[in-house]
Structures are given as structure tokens and as C-alpha cells.
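**Q** Take a look and give me a structure for this.
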Amino acid sequence: MAAFLLLLLLTAPPLRLAAGAGAEAAAGPREPPAQVRLPPPLDLEQALRLPVALQEEQDPPPSLPPPLPPLRGSNLAAFPPARPAAAAAAELCRPPPAVADPPPTGFSHLRRQAEALRRLAGRLADCCRRPRPLPCAQRAWAEVLDDFCADEFAVKTRHYHCCKRRGAERQRCFEDEAADAGTGPAAALGSPAASVAASPSAPPLPPLLPAFPPGEPTAANMDNVCRLRRFRPVHRPEAFPPSGFGPAKSRARALARLERGYAGCCRAGGLECARTAWRQALGRFCEEESAVKTKQHRCCRQGGGESRWRCFAAEAPHPGYDRELRNVSLARLSPPLLRALCGPARLLTKQKPVPALVQSITAACCPHDEAQRAACAENEKSRAIAALCSSERGSWKDPARCCSAASAQDRQRCFDAGYLASVSLATATPELLPPLQD
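**A** Below you'll find the predicted structure:
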């Protein structure tokens, strides 16, 4: 009984609530309870826009650093600029490509190079308004690079290596570097002969067919492979007409690849590196030959073994890489000879007084146009000979005893026969000069 009463007490509150509810129901109708308003469902399009809105309220992300301009090693690809030359006169007044801005910090040497390129472009634009732009352009080129070197030495960083030289040696260093960068006259033009003949008023001549195949690198020709690189023309495939020159274009591509390989081998690698580059370039040439339905080079049909390489080596028209070499006489300074001397060229004869004479002639007369250059060269040669004979005896020995001649005419004839009759020259325009003499 006690348990029954305890159970009744525990169940009493819900019974009272029910009774209360029943009483309220009996009392009459009442106001319906207020409905709870739920938020509308989130629109799908709004949900997709929500992260964007949240992102806009935050701080904007930091901007990415500007990309690096085109580089070659640690330098700008267009630096150093090529020295304006007679062989590239047709290219002189064309608008130069824009120079990309280096990043604002951490690349001060690239900023100095970019500034030098911009200064030279402005100077060349002024030179092209003159009747004879080439002399002005050559002076501008030398002055801009001298100013660049002055800027290099104004900061305590690693200076451009050509700036450590002076005068003509500095200019030759920049010329060599421009050729390695692929911006020199011999590299920029498909054909030296065509570029010499071209003028702003005349259409360019079609490019010369490349001398193919190249000789195999050996211990005997490796010096020429590297020493004469800047004088060998790079036949660009795009320089050829769109039709009718298919074999020439494939050969031009092979030679361009080979020269790029030689560039690295000449800096570090040597003979074995050059020989590997030669085989790789010719092997890829044969692969391209086999991919088209044309008559393949006969050496490509020899298979992939040593017989193919022996065939290419035997077919090379210039196995010694000496096409750019000439032995010339400076006794008569003809217009073609002066054109070669004033273009991409290097005097290989080091016997005194030949370098001093040639340097005097080219420095004084190359800025003139061709109509005045020959007369200037003869006058400068006579003046330089007189200056050499009046200099101190310790400066050079004069083994031919030319300075002891009775008259100025006899003295010059002695110089022509004893010192200037056979001078070795490397030039990018050998077709302008007589064939190589023994």
C-alpha cells in the first residue's frame, strides 16, 4: 500500500498539467501561439559568392615580384651590344627591341646593363638623323660602354671583366662578348656578303647557303674552332625564303645547334666536349632528314655508326675551320680590304710594327664612309710610318732597316715589302678578300 501511494505522488505533476490543459480547453478558445520564423534557406548563388566577399574584406595579397628580363648567364641577353660595323649598316637604324626592367632590388648589375642599352639606343637614334650615321654610331658605342665601366667601378661589386681592360683591348673584349651572346654582326646576319651589299634603300640579298657539313673537331683544328667562333656566320633558318630552301634550313639549324654547343665547350670542356657536340648536332640533323620525304644527305644513309662520322668528316668543305682566315697584303689598301678591316675582324699577326700600323689606320679611317676611306688609309699609313721611325729605338728593332731609307717613298716601299706584304687576318667577310695563300 505504501508503495502504491509513493507511485501516485511521483506521477501527480503530469496529471496536474494535463488537468490544467483540459481546464483551459474547457474554458474556451485562445489565441494561437506565435509562430517562430526560421531564416530563409541560403541562396546557392549567394553561397558561392560568400568566400569572395570575405576575401575582399581582408588585406589584398602582396603582389608578385616582376619577372627577370631575358638572361644569358648572369647578364642581360642583349648585353653587351654589338659594335656598329659596316657589315651591319643595314641593321643600324632599325628600332631596337625594348629592354626589360630588372627587379628593383638585388640586381644592380643588370640595371646598369639595361641603362647602358637604353642610352645607346637613344644615341643611335640621334646618329641615324645624320647623313653618315656609322661614324657617329661607333663613337656612341665606345662612349656608352666607357660610361658603363665608370658606373661599374663606382660600386663595390664584381665588375664586368671587359671593364678591367683599357682602350682598344676593352673594345675588342666587348666585341668578343657580343659575338658569344649572339648579338654580333656575324651572328645577327644570315650572310655577311649580303649584309655588306644591303642598304636601307635596297632589298636584302638572299642568304648564302651554309657550308655543310662542318669539320670534325680535332687537336689540329680545335684552336680555330674556338678562336674564330665570333667570325663564323650563324645562318638563321628564318632568313631563308619560305619555299625552295628546305635542305638549307635544316643545315642551318644543325650549324646553329653546333655553334651553341661549341660555346660551352670552348669555355670549359675542350676537345671531347666539342666532338660530342658535333656528333649530337649531326645525329639530330639525320633524324630530321629521315622525318621528311626528301632526298637525305648521303652520310645520313650510312647508318648510325662510325661510318657516318667518317663520311661527314670527309665531306666537310673546311675541315680546318679556316674559312675565316686570310693572308692579305696591306701594301695597297683597297676598298674591299678596308671594308673587311673595318668590319668584324681580328689581326692575327703580332709582329711589330704591324699591329700599331693597323690600329692607327682603322681608328682614324673606319669612321669615314667608303668613298673617303681609301685616301684616309694611305695618308694615315704614311703618317704612322713616319711616327714609328721618329720614335725611340727601344720601342721596336726595325729588322728590315726601313727607317734608314733615303726618302719617305723608299721608306714606305720597304714597309710594304718587309712588314705588310703578308698579314694574317680573321674576318667575318672572307669572300671580300683573295683566297687563303700558302
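
**Q** what's downstream of the helix or strand Lys249 falls within, the next helix or strand?
**A** Assignment of secondary structure by DSSP states H and E places Lys249 within helix 246-267. As assigned by DSSP H and E, the chain's next helix or strand after helix 246-267 is helix 270-290.

**Q** Flag the shaky bits of the stretch 151-300 of the chain, pLDDT-wise.
**A** 179-209, 235-246, 293-294 (pLDDT under 70).

**Q** again, 50 this time
**A** Low-confidence segments of the stretch 151-300 of the chain (pLDDT under 50): 187-206.

**Q** got it, and the stretch 1-150 of the chain?
**A** Residues of the stretch 1-150 of the chain that meet the cut-off, pLDDT under 50, sit at 14-29, 31-34, 36, 42-62.

**Q** and with 70 instead?
**A** Looking along the stretch 1-150 of the chain with the criterion set at pLDDT under 70, you get 1-73, 86-91, 95-107.

**Q** mind listing what's buried in the helix holding Lys249?
**A** 247-259, 261-263, 265-266 (16 or more other C-beta atoms under 10 Å). Just so you know, the C-beta spots here come from the backbone N, C-alpha and C atoms, and that holds for glycine as well.

**Q** Setting aside sequence neighbours, what's the nearest residue to Arg346?
**A** Ala426 (4.6 Å; C-beta to C-beta, 6 or more residues apart in numbering).

**Q** Mean confidence (pLDDT) on the helix or strand hosting the one you found, please.
**A** Using DSSP H and E, Ala426 falls within strand 423-427. For strand 423-427, the mean per-residue pLDDT is 90.

**Q** Parallel or antiparallel, list what pairs with that strand.
**A** strand 325-328 (antiparallel), strand 345-347 (antiparallel) (DSSP bridges).

**Q** correct me, but Leu433 touches Arg326?
**A** Yes - if you go by C-beta atoms under 8 Å, Leu433 and Arg326 touch, sitting 4.6 Å apart.

**Q** which neighbours do these two share?
**A** Jointly contacting Leu433 and Arg326 under the rule C-beta atoms under 8 Å, 6 or more residues apart in numbering are Ala340, Leu425, Thr427.

**Q** okay, now the domains of the chain?
**A** Split into domains by automatic domain parsing, the chain comes to 71-166, 222-315, 325-432.

**Q** Mind putting those domains into TSV with distance to Phe212?
**A** Listed next are the domains of the chain as TSV, based on distance: least, C-beta to C-beta, whole Å:
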stretch	distance to Phe212
domain 71-166	22
domain 222-315	4
domain 325-432	16
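
**Q** For Glu216, which of those is the nearest?
**A** Glu216 lies closest, by C-beta to C-beta, to one member of the domains of the chain: domain 222-315, at 4.2 Å.

**Q** Cys266 and Leu228 touch, don't they?
**A** No - assessed by C-beta under 8 Å, Cys266 is found out of contact with Leu228, at 10.6 Å.

**Q** For Asp410, see how far away Ile385 is.
**A** Using C-beta to C-beta, to the nearest Å, Ile385 is found at 11 Å from Asp410.

**Q** More neighbours: which of those two?
**A** Ile385 (23 against 12; other C-beta atoms under 10 Å).

**Q** ok, and the closest residue to the more buried one other than its chain neighbours, which helix or strand is that part of?
**A** Leaving aside its chain neighbours, Ile385 sits nearest to Phe415 (5.5 Å; criterion: C-beta to C-beta, 6+ apart). Following DSSP H and E, one finds Phe415 within helix 408-418.

**Q** hang on, the earlier thing: closest one of the shared contacts of Leu433 and Arg326 to Ser108?
**A** For the shared contacts of Leu433 and Arg326, the nearest to Ser108 is Thr427 (37.5 Å; C-beta to C-beta).

**Q** give the contact list for the closest one.
**A** Phe231, Glu324, Arg326, Ala340, Leu341, Gly343, Pro344, Ala345, Arg346, Leu433.

**Q** Which of those residues fall in helices?
**A** Mapping those onto helices (DSSP state H) picks out Ala340, Leu341.

**Q** a markdown table for the contacts of Thr427, including neighbour count?
**A** What follows is the contacts of Thr427, written out as a markdown table (neighbours: other C-beta atoms under 10 Å):
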| residue | neighbour count |
| --- | --- |
| Phe231 | 26 |
| Glu324 | 26 |
| Arg326 | 23 |
| Ala340 | 26 |
| Leu341 | 24 |
| Gly343 | 24 |
| Pro344 | 27 |
| Ala345 | 24 |
| Arg346 | 17 |
| Leu433 | 20 |
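
**Q** Any chance of TSV for the contacts of Thr427, columns distance to Cys173?
**A** Listed next are the contacts of Thr427 as TSV, based on distance: C-beta to C-beta, whole Å:
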residue	distance to Cys173
Phe231	16
Glu324	19
Arg326	23
Ala340	21
Leu341	19
Gly343	18
Pro344	14
Ala345	15
Arg346	12
Leu433	25
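
**Q** ok, how many other residues are close to the residue nearest to Ser329 when sequence neighbours are not counted?
**A** Nearest residue to Ser329 in three dimensions, chain neighbours excluded: Ala421, at 5.2 Å (C-beta to C-beta, 6+ apart). The number of residues packed near Ala421 is 13, by other C-beta under 10 Å.

**Q** got a list of what Ala421 touches?
**A** Shown in contact with Ala421 (C-beta under 8 Å, 6+ apart): Ser329, Leu330, Ala331.

**Q** Write a ChimeraX command that selects only the buried members of those.
**A** To isolate the buried subset of the contacts of Ala421 in ChimeraX, counting by 16+ other C-beta under 10 Å, use the following:
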select :329,330,331
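
**Q** Same list, the contacts of Ala421, but as CSV with distance to Lys397 and pLDDT please.
**A** Shown next, in CSV, are these (distance: C-beta to C-beta, whole Å; pLDDT from 0 to 100):
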residue, distance to Lys397, pLDDT
Ser329, 22, 91
Leu330, 20, 91
Ala331, 21, 90
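
**Q** Would you reformat the contacts of Ala421 as CSV and include secondary structure and distance to Tyr160?
**A** Formatted as CSV, the contacts of Ala421 follow (DSSP: H, G, I helix; E, B strand; the rest coil; distance: C-beta to C-beta, whole Å):
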residue, secondary structure, distance to Tyr160
Ser329, coil, 38
Leu330, coil, 33
Ala331, coil, 39
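
**Q** Let me know the closest of the contacts of Ala421 to Pro353.
**A** Leu330 (11.6 Å).

**Q** Distance-wise, check that closest one relative to Leu420.
**A** 4 Å.

**Q** Could you do Arg129 as well?
**A** Arg129 is 38 Å from Leu420, by C-beta to C-beta.

**Q** now Arg253
**A** Relative to Leu420, and taking C-beta to C-beta, Arg253 is found at 41 Å.

**Q** same deal with Ala331?
**A** 6 Å.

**Q** just to revisit the earlier point, for Ala211, find the nearest of the domains of the chain.
**A** Nearest of the domains of the chain (C-beta to C-beta): domain 222-315, 8.5 Å.
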